[in-house]
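Asks: Give the three-dimensional model of this entry:
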Amino acid sequence: MNRYARISGLALVLVAALGCEQRTDKTDDGGIILSISDFDGLPISISASESESAGVVQVGEITVQSIAKNSSQPTSALMRVEIDSYEVTFSRDDSGSRVPPRLKNYIFGTVDPGGTFSLQNGPIMRVDQFNNQPLKDMIEEGFDTETGSTVIRLKVGIQFFGRTISGDVVQSQVAYFTVEVFP
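Replies: Next up, the predicted model:
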């Protein structure tokens with residue numbers, strides 16, 4: 001009998017632990033889409049040497065909008081998004097193939113359904129990008145040794161990541177702009 005009581009007690013504890021989590025015991029009845037809706041203060045050209053000595057290249061402001069997938073359904077607090085990071089990727093928009101490494105920046109912000117989140121002065125390049133090719137060539141040689149050009153045209157992509165209060169993973173589409181890098 002004592003053995004049966006222990007097994008029953010353990011089973012109740014396990015059911016309670018695996019049952020419902022307080023944050024997600026309700027559903028959000030829809031879903032959220034994140035959209036990068038505005039940029040302000042985009043760098044269109046930068047000096048690799050000057051930026052490397054400053055240690056960072058930033059975007060003045062990026063606005064991320066939260067849009068309910070099903071606008072005919074009411075929204076709830078469970079659809080609030082906790083934004084936790086953004087990622088910057090690079091591709092060449094010229095004849096070169098070498099690109100700086102991606103930048104992952106961890107942040108904290110929240111956006112209510114139908115609301116916006118603004119990132120102020122978000123870094124898009126740091127020391128790691130300048131210490132790697134092809135930007136390293138621009139600083140040390142004054143030109144891209146792969147292409148022989150004194151200008152590198154980079155296609156910069158930014159994407160935001162987060163999670164709703166109810167636990168759904170959300171991310172924005174990648175938004176792109178072009179930056180020209182000179183020595």
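
Asks: Parallel or antiparallel, list what pairs with the helix or strand containing Ile124.
Replies: Taking DSSP states H and E as the definition, Ile124 sits inside strand 116-126. Looking at strand 116-126 with DSSP bridges, its partner strands are strand 56-68 (antiparallel).

Asks: so how far is the partner strand from its chain's centroid?
Replies: 9 Å (C-alpha atoms, centre = their mean, to the nearest Å).

Asks: Stretch 52-62 now?
Replies: 16 Å.

Asks: Check which residues of that stretch are buried.
Replies: 52, 57-59, 62 (16 or more other C-beta atoms under 10 Å). Just so you know, the C-beta spots here come from the backbone N, C-alpha and C atoms, and that holds for glycine as well.

Asks: Make TSV out of these and add pLDDT.
Replies: Below are the buried residues of stretch 52-62 laid out as TSV (pLDDT from 0 to 100):
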residue	pLDDT
Glu52	82
Val57	96
Gln58	96
Val59	96
Ile62	97
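
Asks: Of these, which is the nearest to Arg98?
Replies: Glu52 (16.5 Å; C-beta to C-beta).

Asks: Pull the contacting residues for the closest residue to Asp112 other than its chain neighbours.
Replies: Excluding the flanking residues, the one nearest Asp112 by C-beta to C-beta, 6 or more residues apart in numbering is Arg80, at 5.3 Å. Applying C-beta atoms under 8 Å, 6 or more residues apart in numbering to Arg80 gives the contacts 110-113, 164-165.

Asks: what are the ranges of the strands in the chain?
Replies: 32-40, 45-47, 56-68, 81-92, 103-111, 116-126, 152-164, 169-171, 175-182 (DSSP state E).

Asks: Out of those strands, which is the most enclosed?
Replies: strand 152-164 (a mean of 21; mean count of other C-beta atoms under 10 Å).

Asks: Dump the strands of the chain into a markdown table; add distance to Met138 as well.
Replies: Below are the strands of the chain laid out as a markdown table (distance: least, C-beta to C-beta, whole Å):
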| stretch | distance to Met138 |
| --- | --- |
| strand 32-40 | 24 |
| strand 45-47 | 9 |
| strand 56-68 | 13 |
| strand 81-92 | 13 |
| strand 103-111 | 17 |
| strand 116-126 | 12 |
| strand 152-164 | 6 |
| strand 169-171 | 31 |
| strand 175-182 | 6 |
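
Asks: With Asp144 as the reference, measure out to the nearest residue to Phe143 once chain neighbours are set aside.
Replies: In space, and not counting its chain neighbours, Phe143 is closest to Thr150: 4.8 Å by C-beta to C-beta, 6+ apart. Going from Thr150 to Asp144 by C-beta to C-beta, to the nearest Å gives 8 Å.

Asks: ok, and what's touching the strand holding Ile124?
Replies: 37, 43, 46, 51, 55-66, 81, 83, 86, 88, 100, 103, 105, 107, 109-111, 135, 156, 158.

Asks: what's the spacing between it and its chain's center?
Replies: Relative to where its chain is centred, strand 116-126 has its mean C-alpha point 10 Å off (C-alpha atoms, centre = their mean).
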